[in-house]
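A.B. asks: Requesting a structural model of the entry that follows:
(2 chains)
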2 protein chains.
Amino acid sequence: MASTPDPARRSERARLAVLDAALAVCRDNGFAQLTIEAIAERAGVSKKTIYRWWPSKGAVLLDAVADSATTLVTYEDTGDLARDMCAQLNSVVAMLTPQETSPLAAVIAEAQREPALAQALRDQMRPRIEGFEERLRRAQHAGDLPAHADLGVALDLFYGPIYHRLAFHFGMPDEEEIRSRVDHVIAALRAADPAR
Amino acid sequence: MASTPDPARRSERARLAVLDAALAVCRDNGFAQLTIEAIAERAGVSKKTIYRWWPSKGAVLLDAVADSATTLVTYEDTGDLARDMCAQLNSVVAMLTPQETSPLAAVIAEAQREPALAQALRDQMRPRIEGFEERLRRAQHAGDLPAHADLGVALDLFYGPIYHRLAFHFGMPDEEEIRSRVDHVIAALRAADPAR
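C.D. replies: Prediction:
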């Protein structure tokens, strides 16, 4: 099979090489040094090839991050909500550590300057939020969370600490800090009075 | 008094004109269009004057944001913690709305690209965090929050939702959403078991 050249497969190989190169250059040199030239050189493709598929370096990096984070779309269900949320949040923290050279942190910053990238980033979060809500609904069915728990509040409170730390460079929360925040959020969701 | 030229006062006037100009240009055109040239032109000063005081447009904007947000350092104490936190958070939301042209959102994004700016941004948050902790300690003394309430957790959870929304362009929370999140966080701080 490998003896027949397959343009689609060659093209897919080039695409993956570009994504890997974008992540590697960002991790090695930081986003400030990330250029289409540097990605092309590392991937062994032409700049023209990159521009055929992506409008900007931010767009390349967003696809690269998405590709490397597909596991984050699926939420584990061990039956222990706190444990599963900690696993998920610790994976996000790992993607954002160290912050200075994190491709995800770079994409988030770049999206503030590039409206099309902001839109793409938001769209890419949709399946993750669905996965999150699905996991929380299972917790509701299992009686782990009350039926009235507000999933929008839950999303903001579970993920908020990470992005508050990110915005002001306070350093990512460690596993113990993640655990205490998760425990607080679960307590809040259990305590909140929906009739207020 | 105004008849005697005062270099210190003239200098302060120029400084304030630059800060006002930086905010105005960002609000009018967005950060992508914000240049030292545009700030100098709007302020009626030379580029040289700006570079004498600031190393980058991000640094100008950080000072401008700080200058326009001094009220955020002081936390109100009406005796109603939920109300005071809502007032504070709604002020932050106003600074970040609309996100596309918010000077604070621009500074946060730029800090990811500019390590010295990240350091300055973090330093600038210190008195605000002290004001926050002071307000929460008063709530603890008043019996509004238990003595064991974790102020680090409180900081992350109160502010987190805003920055989670900011990172992914989900739109800022409205007053009702702020209120429900604040109520949840207070419930969590009251419920959490420090002995866990």
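
A.B. asks: so does the longest helix anywhere in chain A get close to chain B?
C.D. replies: Determined from DSSP state H, the single longest helix within chain A is helix A:115-141. Yes - using CB under 8 Å from any CB of the partner chain, helix A:115-141 reaches chain B at A:115, A:118-119, A:121-122, A:125. Where you see a C-beta, it was placed from the backbone N, CA and C, and this is true even at glycine.

A.B. asks: Which single residue in chain A comes nearest to chain B?
C.D. replies: Chain B sits closest to residue A:160 of chain A, with a gap of 1.9 Å, by CB to the nearest CB.

A.B. asks: picking up where we left off before, which of the residues of helix A:115-141 next to chain B count as buried?
C.D. replies: A:118, A:121, A:125 (16 or more other CB atoms under 10 Å in any protein chain shown).

A.B. asks: re the thing from before, tabulate the residues of helix A:115-141 next to chain B in JSON lines, adding columns for pLDDT and distance to residue B:35.
C.D. replies: Below are the residues of helix A:115-141 next to chain B laid out as JSON lines (pLDDT from 0 to 100; distance: CB to CB, whole Å):
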{"residue": "A:115", "pLDDT": "92", "distance to residue B:35": "19"}
{"residue": "A:118", "pLDDT": "96", "distance to residue B:35": "21"}
{"residue": "A:119", "pLDDT": "96", "distance to residue B:35": "25"}
{"residue": "A:121", "pLDDT": "95", "distance to residue B:35": "25"}
{"residue": "A:122", "pLDDT": "96", "distance to residue B:35": "28"}
{"residue": "A:125", "pLDDT": "93", "distance to residue B:35": "32"}
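
A.B. asks: quick one: which of those residues is nearest residue B:97?
C.D. replies: Checking those against residue B:97 with CB to CB, the nearest one is residue A:118 at 14.8 Å.

A.B. asks: thinking again about what came up before, would you confirm that the residue of chain A closest to chain B contacts residue B:159?
C.D. replies: Yes - under the criterion of CB atoms under 8 Å, residue A:160 makes contact with residue B:159 at 7.3 Å.

A.B. asks: the strands in chain A, which residues?
C.D. replies: Shown for chain A, no strands are assigned by DSSP state E.

A.B. asks: check contacts around the spatially closest residue to residue A:42 that is not a sequence neighbour.
C.D. replies: In this structure, residue A:42 finds its nearest non-sequential neighbour in residue A:21, 3.7 Å apart by CB to CB, 6 or more residues apart in numbering or on different chains. For residue A:21, the contacting residues are A:39-40, A:42-43, by CB atoms under 8 Å, 6 or more residues apart in numbering or on different chains.

A.B. asks: out of the residues you listed, which are inside helices?
C.D. replies: A:39-40, A:42-43.

A.B. asks: Spatially, which two of those residues are the most separated?
C.D. replies: Across the ones in helices among the contacts of residue A:21, no pair lies farther apart than A:40 and A:42, at 7.5 Å, counting by CB to CB.

A.B. asks: Just give the number of residues close to the nearest residue to residue A:191 once chain neighbours are set aside.
C.D. replies: The shortest distance from residue A:191 to any non-neighbouring residue, by CB to CB, 6+ apart, is to residue B:187 (4.2 Å). Using other CB atoms under 10 Å in any protein chain shown, residue B:187 is surrounded by 18 other residues.

A.B. asks: can you give me the helices for chain A?
C.D. replies: Under DSSP H, chain A gives helices at A:7-29, A:36-43, A:47-53, A:57-68, A:81-95, A:103-113, A:115-141, A:151-168, A:175-191.

A.B. asks: Buried ones in the third one, by neighbour count?
C.D. replies: The neighbour-count check on helix A:47-53 (16+ other CB under 10 Å) flags A:49-50 as buried.

A.B. asks: give me the low-pLDDT residue ranges for chain A?
C.D. replies: Applying pLDDT under 70 to chain A picks out residues A:1-5, A:71-73, A:192-196.

A.B. asks: these two touch, right, residue A:24 and residue A:42?
C.D. replies: Yes - contact criterion CB under 8 Å: residue A:24 and residue A:42 qualify, at 6.1 Å.

A.B. asks: May I have the residues that are in contact with the residue of chain A closest to chain B?
C.D. replies: Residue A:160 touches B:156-157, B:159-164, counting by CB under 8 Å, 6+ apart.

A.B. asks: Which one of those is nearest to chain A?
C.D. replies: residue B:160 (1.9 Å).

A.B. asks: one step back: are any of the ones in helices among the contacts of residue A:21 buried, and which?
C.D. replies: By 16+ other CB under 10 Å, those give A:39-40, A:42-43 as buried.

A.B. asks: Take the residues you listed and lay them out in CSV including distance to residue B:34.
C.D. replies: Formatted as CSV, those follow (distance: CB to CB, whole Å):
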residue, distance to residue B:34
A:39, 27
A:40, 30
A:42, 31
A:43, 33
